[in-house]
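*Asks:* Provided below for reference: sequence and predicted model.
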Amino acid sequence: MSKFNVLVSWTVCAEVSVEADTLKEAIQQVEDMPGLPEDGEYLDGSFEVNVEATEEVNAYHKRLAEEGLLHGLCNTCKAPHHDMCANNSNCSCCVNTIKQDEG
């Protein structure tokens, strides 16, 4: 059995309360907030598979495998690990995320 990565997305809605002098300032504060609201609710019917991106990612990983450039899976996200990864245990996107979280 083969392993595939399927790219998905969905929408979460939340209400954020802030104190500000104007609505414009309040909106700016929310746009500048780090992270995401913790009390969001899934928007029914918003889950979708990005078929085009999924096909591209899996074709890319297949090509890397055929060329002998894959080296297992990323320790963090379990995505295929290849020669362009930053180190031997985490893929580039996860290494960047880990660096941001530690900084």
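*Replies:* Perfect, thanks for sending it. Residues are numbered from 1 along each chain as shown.
*Asks:* Going along the chain, name the strands of the protein.
*Replies:* Along the chain, counting by DSSP state E, strands occupy 8-9, 12-13, 41-42, 48-49, 70-73, 80-82.
*Asks:* Contacts for the first one, please.
*Replies:* For strand 8-9, the external contacting residues (Cβ atoms under 8 Å, 6 or more residues apart in numbering) are Ser46, Phe47, Glu48, Val49, Asn50. C-beta: built from backbone N, CA, C; applies to glycine.
*Asks:* where are the low-confidence patches of this protein?
*Replies:* Within the chain, the segments meeting pLDDT under 70 span 70-103.
*Asks:* what do you get if the cut-off is 80, keeping everything else the same?
*Replies:* Counting by pLDDT under 80, the chain has low-confidence residues at 1-3, 64-103.
*Asks:* thinking again about what came up before, quick one: which of the contacts of strand 8-9 is most hemmed in?
*Replies:* For the contacts of strand 8-9, the largest number of neighbours (other Cβ atoms under 10 Å) sits with Asn50, at 13 neighbours.
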